[in-house]
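**Q** kindly generate the corresponding structure for this input.
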Amino acid sequence: MPLVDQKFVVKFEVAGTMQHVDPSDLHRQIEKLNKINAALIERVERSVEQQGNSYSLFTAAIGLENQVRQRTDELQEALDGLERSNNALVLARDEAERATEAKTRFFTAVGHDLLQPLHAARLTLSALAESEDISEHRRLSHQIDHALSSVEDLLRAMLDITKIETGVTQPAPKPQRLAQMFESLQVDFAPTVAEKGLSLETNDAGLAVVSDPAMLRRMLQNLLSNAVRFTESGTVSLVARPEGECVRIEVSDTGPGIAEGERERIFEEFRAGTNVRPARDGGFGLGLFIVKRMARALDHRVDLDSELGSGSTFSITVPMADPASSDNGPATRQATAVRSSYGFVDVDVVVIENDPKIIAATQTLLQKWSCRTFPALNLQQIETYIGEAERPPSIILADYHLDDDACGLSGVEMLRNAFGIRIPAVVITADHGDESATAVMKAGCELLRKPVRPAELRALMQHLMS
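**A** Below is the predicted model:
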């Protein structure tokens, strides 16, 4: 067999024919295919890598968008909060401005209303000094008493408002039956109602409520006073009705009624309706203002229903209590002591004072107000009183500084602990220091500075026992 240049010969049989392929050509074709394959693989890898990068960018973009949206929401929330804060500041500023204006009106009106009865009392006193007729003396004395009573009523109203505004008066709600409170109010208003020829009807319906006893009584007293003052004929009623889980206490009258446009403004200080007011009115326009503020402090709802020419009904909605759980004990009975035309009835006053002359003068004043007084020069005499007394005192009048470095507050604490109730107390002192004022406040007592005006003392006593 002949040699063919020592090269391999590859034979292919195609369609019945034999073809010879050079191995070098085959190698070149294989290399070419390998390069094409590598290029294709590289292109595919680049394409896959690009797709992966695009997906990563896509997911990153979504994440960034979510973060931007979250930050935008947080920023919007912060802006909304800032806007709310600004609105609150604006409201607070407006409220402060209104309060300042109200105080200006208040003290302007107070100054005028205080001067009026004092001026009348001074003129009447001059006439009394010049008169020698006994019957005329009685008439003029009655006028002086009426003028001073007007001053006392205004001072008491000012004390109520001041205590509410400054937060000194803190509500102490507790279950209480309405029967005794209604009975006490009926006794209080019986002389005035009889004098005007009116009838006063009450019905407690055997209900009990949860409220601060003194504050609720004060509100009802103001509403009744307002009703009696503006009613010339007919009936004034005080009734309680169940309303779901609450009790609706209504004070109704057959007076002139209140126009719809005036039903909000009459609750402002020194405001009243435009209806003709009775000449014997003598009011200061503070009663309904005090009712509104006390109701707000107690979270009680106050409503008004009125019709011109037919009368008005003021109502206070109070949470209902189980009558069996209500306890109108000695403290409540002490607080509802009946007030007479000139002073007090059934009121015991313990006077703690180390100066016998001051005790004598205080006893004389309190006796004119129909009070029973029990003097104590020192803490030992208080112990004697505790051992002999059959019931707790209605109120305590105590000097701050006693002999032997003793303090009148110790006497107040002794009496309160002995009888187990928070007896109202007034500390009277010439000490104008902050230390004594702080101690009196912590002890839950009232503070008066010497010299004390009798009208101021009497108004404060009536306030504490009302």
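
**Q** pLDDT weak spots in the stretch 101-250 of the chain?
**A** Judged by pLDDT under 70, the stretch 101-250 of the chain has its weakly predicted residues at 102-123, 126, 129-131, 146-147, 149-150, 152-154, 156-169.

**Q** rerun at 50
**A** In the predicted model of the stretch 101-250 of the chain, no residue satisfies pLDDT under 50.

**Q** what about the strands in it?
**A** Chain-ordered strands for the stretch 101-250 of the chain, with DSSP state E, counting those that start in this stretch as the definition, fall at 174-177, 199-203, 208-211, 235-243, 246-253.

**Q** report the contact partners of M461.
**A** M461 makes contacts with 344, 349, 395, 426, as judged by C-beta atoms under 8 Å, 6 or more residues apart in numbering. Just so you know, the C-beta spots here come from the backbone N, C-alpha and C atoms, and that holds for glycine as well.

**Q** read off the pLDDT value for it.
**A** As predicted, M461 sits at a pLDDT of 87.

**Q** about what we covered before: of the strands of the stretch 101-250 of the chain, which is nearest D145?
**A** strand 199-203 (23.8 Å; C-beta to C-beta).

**Q** mind checking how far the residue minimising distance to the centre of the chain is from A376?
**A** Taking C-alpha atoms, centre = their mean as the criterion, A297 is the residue nearest the geometric centre of the chain, at 2.1 Å. From A297 across to A376, the span is 35 Å (C-beta to C-beta, to the nearest Å).

**Q** what does R458 give?
**A** In this view, R458 and A376 are 21 Å apart by C-beta to C-beta.

**Q** go on, R248?
**A** 46 Å.

**Q** and the helices in the protein, which stretches?
**A** 23-130, 134-166, 178-195, 213-230, 287-298, 330-335, 356-368, 379-388, 408-419, 434-442, 454-465 (DSSP state H).

**Q** distance to G206 for those - can I get that in CSV?
**A** Written out in CSV, the entries for the helices of the chain read as follows (distance: least, C-beta to C-beta, whole Å):
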stretch, distance to G206
helix 23-130, 40
helix 134-166, 30
helix 178-195, 7
helix 213-230, 17
helix 287-298, 22
helix 330-335, 17
helix 356-368, 38
helix 379-388, 37
helix 408-419, 29
helix 434-442, 39
helix 454-465, 26
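
**Q** what's the most buried one of these?
**A** Comparing these by mean neighbour count (mean count of other C-beta atoms under 10 Å), helix 213-230 ranks first with a mean of 22.

**Q** report the mean confidence score over stretch 261-280.
**A** Throughout stretch 261-280, pLDDT has a mean value of 55.

**Q** same question but for stretch 434-445, I mixed them up
**A** Stretch 434-445 shows an average pLDDT of 89 in the prediction.

**Q** per-residue pLDDT, the spatially closest residue to L366 that is not a sequence neighbour?
**A** Leaving aside its chain neighbours, L366 sits nearest to T373 (4.8 Å; criterion: C-beta to C-beta, 6 or more residues apart in numbering). Reading off the confidence values, T373 has pLDDT 91.

**Q** got a list of what T373 touches?
**A** Each residue near T373 by C-beta under 8 Å, 6+ apart is listed here: 348-351, 362-363, 366-367.

**Q** make a markdown table from those and add pLDDT to it.
**A** Listed next are these as a markdown table, based on pLDDT from 0 to 100:
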| residue | pLDDT |
| --- | --- |
| D348 | 91 |
| V349 | 94 |
| V350 | 94 |
| V351 | 94 |
| T362 | 86 |
| Q363 | 87 |
| L366 | 87 |
| Q367 | 84 |
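
**Q** export those as TSV, with columns for distance to V209.
**A** Putting those into TSV (distance: C-beta to C-beta, whole Å) gives the following:
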residue	distance to V209
D348	28
V349	30
V350	31
V351	35
T362	37
Q363	39
L366	34
Q367	37
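
**Q** surely Q176 meets L207?
**A** No. Under the criterion of C-beta atoms under 8 Å, Q176 is not in contact with L207, lying 10.2 Å apart.

**Q** which of those two has more residues huddled nearby?
**A** Ranked by neighbour count (other C-beta atoms under 10 Å), Q176 and L207 place Q176 first, with 25 against 21.

**Q** measure that one to A443 for me?
**A** 25 Å.

**Q** please apply the same query to P319.
**A** In this structure, P319 and A443 are separated by 30 Å, where distance is defined by C-beta to C-beta.

**Q** higher neighbour count, these two?
**A** Neighbours around P319 and A443, counted as other C-beta under 10 Å, are more numerous at A443. The numbers are 18 against 15.

**Q** quick check, the more buried one in contact with G411.
**A** No. Under the contact definition of C-beta under 8 Å, A443 does not touch G411, with a separation of 10.9 Å.

**Q** pick out the most distant pair among the contacts of M461.
**A** When C-beta to C-beta is used, the two most widely separated members of those are F344 and V426, lying 14.1 Å apart.

**Q** any weak-confidence spans in the stretch 251-400 of the chain?
**A** Filtered on pLDDT under 50, the stretch 251-400 of the chain yields the residue ranges 270-284, 329-342.

**Q** same thing but at 70, please
**A** For the stretch 251-400 of the chain, the stretches with pLDDT under 70 are 263, 267-286, 325-343.

**Q** need the contact list for the spatially closest residue to V291 that is not a sequence neighbour.
**A** For V291, the nearest residue in space outside its immediate sequence neighbours is M219; the separation is 4.7 Å by C-beta to C-beta, 6+ apart. With contact taken as C-beta under 8 Å, 6+ apart, M219 is in contact with 290-291, 294-295, 316.

**Q** likewise for H401?
**A** Residues touching H401, when contacts are defined by C-beta under 8 Å, 6+ apart, comprise 354, 407-408, 429, 431.

**Q** most neighbours of all those residues, which one?
**A** Scoring those on neighbours with other C-beta under 10 Å, the highest-scoring entry is G408 at 28 neighbours.

**Q** I423 is in contact with M465, correct?
**A** No. Proximity of M465 to I423 does not meet the contact threshold set by C-beta under 8 Å, at 10.2 Å.
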